[in-house]
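after the sequence you'll find the predicted model.
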Amino acid sequence: MRIDVITIFPGYLAPLREALLGRAIAAGLVDLDVHDLRDWTHDVHQAVDDAPYGGGPGMVMRPQVWGEALDAVLARDARTPRIVVPTPAGRPFTQATAQEWAGAERLLFACGRYEGIDQRVVDDARGRGLPVDEVSIGDYVLVGGEAAVLVMVEAVVRLLPGVLGNPASAEQDSFSDGLLEGPAYTRPETWRGLAVPEVLRSGNHAAIARWRRDRALERTAQRRPDLLAALPERALDKADRAF
Ligand SMILES: Nc1c(O)cccc1[N+](=O)[O-]
């Protein structure tokens with residue numbers, strides 16, 4: 001997978017070259033290119049924004065600069081990318097989104113700042129038949145899209161074949177089966193007077209699996225009833241319903 005990121009703060013994306021993601025790049029599973037949007041400005045001040053039409057607070061990122069940057073970065077590789085624009089006005093980014101994007105040959109993240117990118121940049125890309133996703137990682141206000149890119153790239157890259165040491169862990173993660181993960185424990189058996197649930201030390205794998213499923217159902221019902229309501233009928237077996 002090739003990943004391009006266009007931003008006015010390239011240094012913000014440095015963590016993408018650390019740890020698991022860094023190892024995926026070193027192993028050749030991911031090609032990462034981070035581009036400075038200001039490389040496509042032509043004025044001494046390297047201006048990337050301007051006042052919004054219609055007035056109002058803040059500044060809007062200029063279409064000319066973004067258009068040139070996207071054209072140049074698109075031309076760097078023959079593979080057509082899914083263009084991703086992180087924005088509070090986007091559709092929610094979920095584990096399903098990460099799984100969908102993990103199948104893409106190329107992702108191109110366009111990081112907006114200020115009040116966002118002139119809408120015509122997205123409209124022009126879509127008008128040329130390019131897939132553009134405007135997505136949000138959550139209902140809160142960030143200063144720009146870079147933090148969202150760190151989140152989304154990690155969620156996607158960990159799903160790529162060969163990235164995780166144990167692929168099974170991706171299948172057992174929270175959300176992968178539509179439920180939140182239940183509590184986890186490790187040694188010692190008792191810590192500050194708190195003991196590990198006996199079933200987990202029983203060696204009875206069927207009982208352990210049932211206990212874990214019940215804790216996941218319980219936690220999801222308590223913390224994210226919306227996820228439980230969204231589960232397809234077939235996702236809950238008879239034992240689940242008895243829970
Ligand atoms: N929430 C937010 C924002 O305020 C600015 C850029 C991107 C996002 N987001 O992806 O959620």
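In hand now; what should we look at? Residues are numbered from 1 along each chain as shown.

for the residue positioned nearest the centre of the chain, identify the helix or strand it belongs to.
Central residue of the chain (Cα atoms, centre = their mean): M152, 1.8 Å from the mean position. If you go by DSSP states H and E, M152 is part of helix 146-157.

close to the ligand, is that helix?
Yes. For helix 146-157, a contact with the ligand is found by Cβ under 6 Å from any ligand atom, at A148. The way it works is simple: take the backbone N, C-alpha and C, and place the C-beta from them, glycine included.

go through that helix and flag the buried ones.
146, 148-150, 152-153, 155-157 (16 or more other Cβ atoms under 10 Å).

likewise for stretch 186-204?
L200.

other residues contacting that stretch?
185, 207-208, 211 (Cβ atoms under 8 Å, 6 or more residues apart in numbering).

tell me the angle the helix or strand containing P86 makes with helix 146-157.
Element membership of P86, judged by DSSP H and E, is strand 82-92. Strand 82-92 runs at 110 degrees relative to helix 146-157, counting by axes from the mean of the first three to the mean of the last three Cα atoms, to 10 degrees.

give me the contacts around strand 82-92.
Contacts for strand 82-92 (Cβ under 8 Å, 6+ apart): 70, 101, 104, 106-112, 116-117, 122, 125, 130-137, 139-142, 145, 148-149, 152.

sorry, back to before: what sits against the residue nearest to the centre of the chain?
84, 86, 93, 97-98, 101, 109, 135, 137.

hang on, the earlier thing: now, which of the buried residues of helix 146-157 sits nearest the ligand?
Of all the buried residues of helix 146-157, the one with the least separation from the ligand (Cβ to the nearest ligand atom) is A148, at 3.5 Å.

who's the residue nearest to that closest one when sequence neighbours are not counted bridged to?
Closest residue in space to A148, ignoring its immediate chain neighbours: P86 at 3.6 Å, by Cβ to Cβ, 6 or more residues apart in numbering. Note on P86: beta-bridge partners V135, judged by DSSP bridges.

would L108 count as being in a strand?
Yes. In this structure, L108 lies within a strand as judged by DSSP: H, G, I helix; E, B strand; the rest coil.

what pLDDT does it get?
pLDDT, L108: 98.

and the residue nearest to it when sequence neighbours are not counted, how close does it get to the ligand?
Leaving aside its sequence neighbours, L108 sits nearest to P81 (Cβ to Cβ, 6+ apart; 3.9 Å). Per Cβ to the nearest ligand atom, to the nearest Å, P81 is found 18 Å from the ligand.

what about the residue of the chain most remote from its centre, distance to L200?
Using Cα atoms, centre = their mean, the residue of the chain lying farthest from its centre is G193. It sits 38.4 Å away. Counting by Cβ to Cβ, to the nearest Å, the separation of G193 from L200 is 17 Å.

which residues are in contact with A27?
Here A27 is in contact with 162-163 (Cβ under 8 Å, 6+ apart).

redo that, cut-off 10 Å
Counting by Cβ atoms under 10 Å, 6 or more residues apart in numbering, A27 makes contact with 160, 162-163.

pretty sure V5 is in a strand, no?
Yes. Assignment of V5 by three-state DSSP places it within a strand.

just the mean pLDDT for stretch 6-26, thanks.
For stretch 6-26, the per-residue pLDDT averages 96.

and that stretch, anywhere near the ligand?
No. Using Cβ under 6 Å from any ligand atom, stretch 6-26 never reaches the ligand; the gap is at least 11.6 Å.

narrow the contacts of A27 to those that are buried.
By neighbour count, with 16+ other Cβ under 10 Å, these hold 160, 163 as buried.

distance of the residue farthest from the centre of the chain from the ligand?
Distance from G193 to the ligand, by Cβ to the nearest ligand atom: 41 Å.
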